[in-house]
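Asker: next come a sequence and a model predicted from it.
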Amino acid sequence: MKYILAVLLCLAGAGSAMAADCSKAPFCETRAYFTDWLAACRPGEPRYCSVNTYVHNQSAPAGIDYQLRVARPDPQSPLNVSLIAVERFATTSKEMIFDIPGQANLVVAPEKLSTPESVNEYVVKDPAIVAELVNAMKKGYTLAIRFTDEDGNPASAHFSLMGFTLALSFIDEEADVPSPARQARSEAN
């Protein structure tokens, strides 16, 4: 009996050690694909979740030129939007234009952008612009981000918005973010 108990405890320990190895994809994340978007939530608290899409380039060292990320750092935080450049970086002294045909053409001034984590991640830091941009992205089909590269040349990145709304709903459900209707009802009581 002691031997069986010891084996079970050993197996349980080995199983949890194997489950804790998050060094390889999918990095212990809960992931789902929605057309052109990857939705991912990291384990633990707070529950960081994001939806991501890419400009693929098979000849680029990373296989992509740009990544667009819409993230919610925790269930109580608002969304944030960032463009990640892999090789052709943007200058932070010029505006960035987010164009969703038929929905929005948002000009984001340099002071409304930041690079808090790294020099190649450009975050829209104005919550009102982020809200307007996300709402337009839910209704649109494509997004073109136009900017000036670090050499002073015009540049752009084009993204599909197919699957964006479902991917966003997925991360909100995974992170237990209250839906606006549920939140409004609970605030009324």
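Answerer: Perfect, thanks for sending it.
Asker: for G163, what are its contacts?
Answerer: By C-beta atoms under 8 Å, 6 or more residues apart in numbering, the residues touching G163 are Y33, F34, T35, D36, W37. Backbone N, C-alpha and C define where each C-beta goes, glycine included.
Asker: ok, the nearest residue to it once chain neighbours are set aside to H158 distance?
Answerer: Once flanking residues are discounted, G163 sits nearest to T35: 3.0 Å by C-beta to C-beta, 6 or more residues apart in numbering. Look at T35 and H158: by C-beta to C-beta, to the nearest Å, they are 15 Å apart.
Asker: distance of the residue nearest to G163 relative to E150?
Answerer: 32 Å.
Asker: between the two, who's got more neighbours?
Answerer: Comparing T35 with E150 by neighbour count (other C-beta atoms under 10 Å), the higher total belongs to E150, at 15 against 12.
Asker: contacts only, for that one.
Answerer: So E150 contacts R88, F89, A90, T91 (C-beta under 8 Å, 6+ apart).
Asker: how about the nearest residue to M162, chain neighbours excluded?
Answerer: T35 (4.1 Å).
Asker: scratch that, V124
Answerer: V81 (4.7 Å).
Asker: that neighbour is in contact with E132, isn't it?
Answerer: No. Counting by C-beta atoms under 8 Å, V81 sits too far from E132 to count as a contact (10.5 Å).
Asker: which one's more surrounded, these two?
Answerer: Each of V81 and E132 has its neighbours counted (other C-beta under 10 Å); V81 has more, 21 against 15.
Asker: what's the spacing between the residue nearest to V124 and Q103?
Answerer: Here the criterion is C-beta to C-beta. By it, V81 lies 15 Å from Q103.
Asker: state the pLDDT value of T91.
Answerer: What the model reports for T91 is a pLDDT of 90.
Asker: shouldn't it be in contact with A155?
Answerer: No. At 9.6 Å, T91 does not count as touching A155 under the criterion of C-beta under 8 Å.
Asker: anything in contact with each of the two?
Answerer: Joint contacts of T91 and A155 (C-beta under 8 Å, 6+ apart) are F147, T148, D149.
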